[in-house]
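**Student:** Just need the structure, nothing else, for what follows:
(chains A, B, C and D)
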There are 2 protein chains.
Amino acid sequence: MANFQKGKVDIIAVAKAAKVSPSTVSRTFNHPDLVSPTTRKRINRAVQRLGYIRNRAAQTMHGKRSGSIGLVVPTINHAIFAEVIQSFSDSIDKAGFSLLIASHGYDLDREYAMVRKFLEHRVDGVALVGLEHSEATRRLIEQQSIPTLAIWNFAAESDLPCVGSDNRLAGRLATEHLLELGHRDIGLIFPATQGNDRASHRLSATLEALAEQGITLPETRKSEAPYSVSQAKQAALDLLAESPRPTALLCGNDVIAQGALYAAQNLGMEVPRDLSIIGIGDFKCSATLLVQVRDIEGG
Amino acid sequence: MANFQKGKVDIIAVAKAAKVSPSTVSRTFNHPDLVSPTTRKRINRAVQRLGYIRNRAAQTMHGKRSGSIGLVVPTINHAIFAEVIQSFSDSIDKAGFSLLIASHGYDLDREYAMVRKFLEHRVDGVALVGLEHSEATRRLIEQQSIPTLAIWNFAAESDLPCVGSDNRLAGRLATEHLLELGHRDIGLIFPATQGNDRASHRLSATLEALAEQGITLPETRKSEAPYSVSQAKQAALDLLAESPRPTALLCGNDVIAQGALYAAQNLGMEVPRDLSIIGIGDFKCSATLLVQVRDIEGG
DNA sequence: AATAGTTTTGCAAATGTTTTCATAATATTC
DNA sequence: GAATATTATGAAAACATTTGCAAAACTATT
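**Tutor:** The predicted model follows:
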């Protein structure tokens, strides 16, 4: 089937080749039931032969949907977001849409810019991570009345539709668990909370739960680490270098917890005998890691 | 600044508000130097006031670029691709483009479908992972003459422009390294090579390099594991359960190598004293892992 | 074989931009 | 102050599609 790729192949070229009007070709795509099977077949053959590919831009311009969804994440790089991006991509794909993605590096002004960029592309919807967004972003979303979803966090009082977990509750649960185990002197390692409501909710709930038990941790028990195993390990080493040592480490996420685990191993401490470590997160590799740690300790 | 969001805000609405013609508004965006500073200011104020957002679809339809690039990866989920997606996204963003992304799950027919989908969106370019693609995909790319880049692998003989590493060379180097260390009985753990030229190149080069030294490994030394630490660990345990044991494990990627490392730890073997493990890959977390292993062994 | 009903098709307008060409306004030169 | 060069603006065509409406082509009914 020779494909003569003379000039542009648009819907008109297809119409000519199939000896019908452009309208009929368009209908074949959008309302096939309105076109007689015979002509439909003829048109499809012409499409094949010419290698015609529909032009979404033209459809979008006509007022139809663009067929794309925009997802703005803080970073693509980390396992934790990669997982959600994958799922998102799969669902979107199944629905016949395309995924536009952008990352802002935890900078809410850049987030605004990304949403704007997506709006230029006339995305049919936008998903953002978390519930903390700049005023400009909120205004933009409202003005343009673009369907928006906040993923990652859930909060009943959110003005954006949201789906995710309740990080305050998570922070509280983790803390209470440690308290129930009898810990009173706890080291905290959290990522920077600036522009990261996941972290800040977890941390504030933690401090709250501690305060309820009359516990106020000195600054020396509070440590900040970025999303990096090795830097978290260093932070944990620093915390554990203090004397007396805290009896437990509460980590803002699993990557930090992994670093803390390594730090403990380095210092020859056995977890959980000598030190309790808890991470708020639970992603795929954490299970693997724990299995491994247990295996080592067991063997 | 009240924003009266009456009806659609298009370039004509802006033109009216600024009391100029639509052409002038368009020029303000595309060739600002052709518009007098006074009118430009007036137009920009109108844009602000109305909350106008340019319509890429209309621009694209006019023949301008769509301002988007399509990236098709096997999977987003794994750390290794996440890294490249992040870099890609950053560069694209810096250039003022948007990133469309899709994953095909190592299914080259789906890859074709994804590229087609992107072409419907009239992306300005496409990037694919690896050099192995379906005939249909290649035809499509050629017919539509869409700028295409193959990332991840480099091969001088590739017909697509490509940038990446030479996996055959990598396989050979890894093998030769083990041979130089004196290993002759080597266990191989590789992912499935079907639709994964990274793996297949590495594996074939490995076998070739071994053959040159007159070494042919029995099937029992060849193991397949997916991209999963725990499953790789199991595969390694199986290999190491044989008697005699291989003296080295050559792993097709770093995730597998991590699993192998865990397996060795489980069996109480010390790496590299009792067993050599080499992984072809090198991603961020690998260094961390090795530091940790060394630390454990050192301490 | 004529009428009514149904299915299939085409025409033309609409979508929101950009750009070429022409014209109007302003600046420069003598 | 006229002639010329320069700069700023507008009118209209073009881009590729979709869809409401109307006409045409069939089927079914008598």
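
**Student:** Every contact and neighbour count from this point should use C-alpha atoms.
**Tutor:** Noted.

**Student:** Any idea what residue A:68 is bridged to?
**Tutor:** With DSSP bridges applied, residue A:68 shows beta-bridge pairing to residue A:98.

**Student:** ok, it to DNA strand C distance?
**Tutor:** Note on residue A:68: its distance to DNA strand C, by CA to the nearest atom of the strand, to the nearest Å, is 17 Å.

**Student:** residue contacts, that residue?
**Tutor:** Contact analysis of residue A:68 by CA atoms under 8 Å, 6 or more residues apart in numbering or on different chains lists A:97, A:98, A:99, A:100, A:123, A:124, A:125.

**Student:** If we use 7 Å, what do you get?
**Tutor:** Counting by CA atoms under 7 Å, 6 or more residues apart in numbering or on different chains, residue A:68 makes contact with A:97, A:98, A:99, A:100, A:123, A:124.

**Student:** per-residue pLDDT, it?
**Tutor:** Residue A:68 is assigned a pLDDT of 97 by the prediction.

**Student:** Same check on the one 4 residues further on?
**Tutor:** The confidence metric pLDDT takes the value 97 at residue A:72.

**Student:** now do the one 5 residues further on
**Tutor:** Taken from the predicted model, the pLDDT recorded for residue A:77 is 83.

**Student:** Next, count neighbours for it.
**Tutor:** Neighbour count of residue A:77, defined by other CA atoms under 10 Å in any protein chain shown: 22.

**Student:** roughly how far apart are it and residue A:132?
**Tutor:** 20 Å (CA to CA, to the nearest Å).

**Student:** how many neighbours does residue A:191 have?
**Tutor:** By other CA under 10 Å, 21 other residues sit near residue A:191.

**Student:** quick one on the thing from earlier: tell me which of the contacts of residue A:68 is nearest to DNA strand C?
**Tutor:** Closest approach to DNA strand C among these (CA to the nearest atom of the strand): residue A:123, at 13.7 Å.

**Student:** Return the alpha-carbon coordinates of stretch A:148-167 using PDB.
**Tutor:** Only the C-alpha atoms of stretch A:148-167 are listed here, as PDB (Å, rounded to 0.1, in the frame of the first residue of the first chain):
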ATOM      1  CA  THR A 148      -8.900  20.600  39.500                       C
ATOM      2  CA  LEU A 149      -8.000  17.800  41.800                       C
ATOM      3  CA  ALA A 150      -5.700  17.900  44.800                       C
ATOM      4  CA  ILE A 151      -4.000  14.600  45.300                       C
ATOM      5  CA  TRP A 152      -1.900  13.300  48.000                       C
ATOM      6  CA  ASN A 153      -3.500  14.900  51.000                       C
ATOM      7  CA  PHE A 154      -7.000  14.700  52.300                       C
ATOM      8  CA  ALA A 155      -8.600  17.400  54.500                       C
ATOM      9  CA  ALA A 156     -12.300  17.700  55.100                       C
ATOM     10  CA  GLU A 157     -12.100  21.500  55.100                       C
ATOM     11  CA  SER A 158     -10.300  21.700  51.800                       C
ATOM     12  CA  ASP A 159     -11.900  24.000  49.200                       C
ATOM     13  CA  LEU A 160     -10.400  22.000  46.400                       C
ATOM     14  CA  PRO A 161     -11.700  18.500  45.800                       C
ATOM     15  CA  CYS A 162      -9.000  16.300  47.200                       C
ATOM     16  CA  VAL A 163      -8.100  12.700  47.500                       C
ATOM     17  CA  GLY A 164      -5.200  11.400  49.600                       C
ATOM     18  CA  SER A 165      -4.200  10.800  53.200                       C
ATOM     19  CA  ASP A 166      -4.600  12.800  56.300                       C
ATOM     20  CA  ASN A 167      -1.100  13.700  57.200                       C
END
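
**Student:** Leaving out the residues flanking it, which one is nearest to residue A:255?
**Tutor:** Using CA to CA, 6 or more residues apart in numbering or on different chains and skipping the chain neighbours, the partner closest in space to residue A:255 is residue A:229 (5.6 Å).

**Student:** shouldn't the one you found be in contact with residue A:259?
**Tutor:** Yes - applying CA atoms under 7 Å as the test, residue A:229 and residue A:259 come out as touching, 4.6 Å apart.

**Student:** Identify the residues contacting residue A:215.
**Tutor:** Going by CA under 7 Å, 6+ apart, the list of residues near residue A:215 is empty.

**Student:** Show me the shaky parts of the stretch 1-150 of chain A.
**Tutor:** Residue ranges of the stretch 1-150 of chain A with pLDDT under 70: A:1-7.

**Student:** Residues of it that sit close to chain B?
**Tutor:** Neighbours of chain B within the stretch 1-150 of chain A, by CA under 7 Å from any CA of the partner chain: A:53-58, A:60-61, A:76-77, A:79, A:82-83, A:86, A:89, A:99-102, A:120-122.

**Student:** which residues touch stretch A:130-141?
**Tutor:** Stretch A:130-141 has contacts (CA under 7 Å, 6+ apart) with A:108, A:109, A:112, A:150, A:151, A:152, A:153, A:195, A:197, A:198.

**Student:** any idea how far residue A:266 is from residue A:251?
**Tutor:** Distance from residue A:266 to residue A:251, counting by CA to CA: 18 Å.

**Student:** Look at those two and report which has more neighbours.
**Tutor:** Per other CA under 10 Å, whichever of residue A:266 and residue A:251 has more neighbours is residue A:251, with 31 against 20.

**Student:** give the contact list for the more buried one.
**Tutor:** Each residue near residue A:251 by CA under 7 Å, 6+ apart is listed here: A:188, A:189, A:190, A:257, A:278, A:279, A:280.

**Student:** again, only this time at 6 Å
**Tutor:** Counting by CA atoms under 6 Å, 6 or more residues apart in numbering or on different chains, residue A:251 makes contact with A:188, A:189, A:190, A:257, A:278, A:279.

**Student:** Just confirm the fourth one contacts residue A:280, I think it does.
**Tutor:** So that's residue A:257. No - taking contacts as CA atoms under 6 Å, residue A:257 lies outside contact range of residue A:280: 8.2 Å.

**Student:** ranges for the helices of chain A?
**Tutor:** Taking DSSP state H as the test, the helices found in chain A are A:11-18, A:22-30, A:37-50, A:56-61, A:79-94, A:108-120, A:135-143, A:167-180, A:197-212, A:229-241, A:254-266, A:284-298.

**Student:** Between the ones you listed, which one is closest to residue B:237.
**Tutor:** helix A:284-298 (13.0 Å; CA to CA).

**Student:** neighbours around residue A:206, how many?
**Tutor:** Using other CA under 10 Å, residue A:206 is surrounded by 24 other residues.

**Student:** Show me what counts as buried in stretch A:74-89.
**Tutor:** Of the residues in stretch A:74-89, A:74-86, A:88-89 count as buried by neighbour count, 16 or more other CA atoms under 10 Å in any protein chain shown.

**Student:** tell me which of those residues is nearest to residue B:17?
**Tutor:** Once CA to CA is applied, the member of the buried residues of stretch A:74-89 that ends up nearest residue B:17 is residue A:74, at 36.9 Å.

**Student:** can you pull the pLDDT of the residue in the stretch 151-299 of chain A positioned nearest to DNA strand C?
**Tutor:** Residue nearest to DNA strand C within the stretch 151-299 of chain A: residue A:160 (26.2 Å; CA to the nearest atom of the strand). Looking at residue A:160, its pLDDT is 95.
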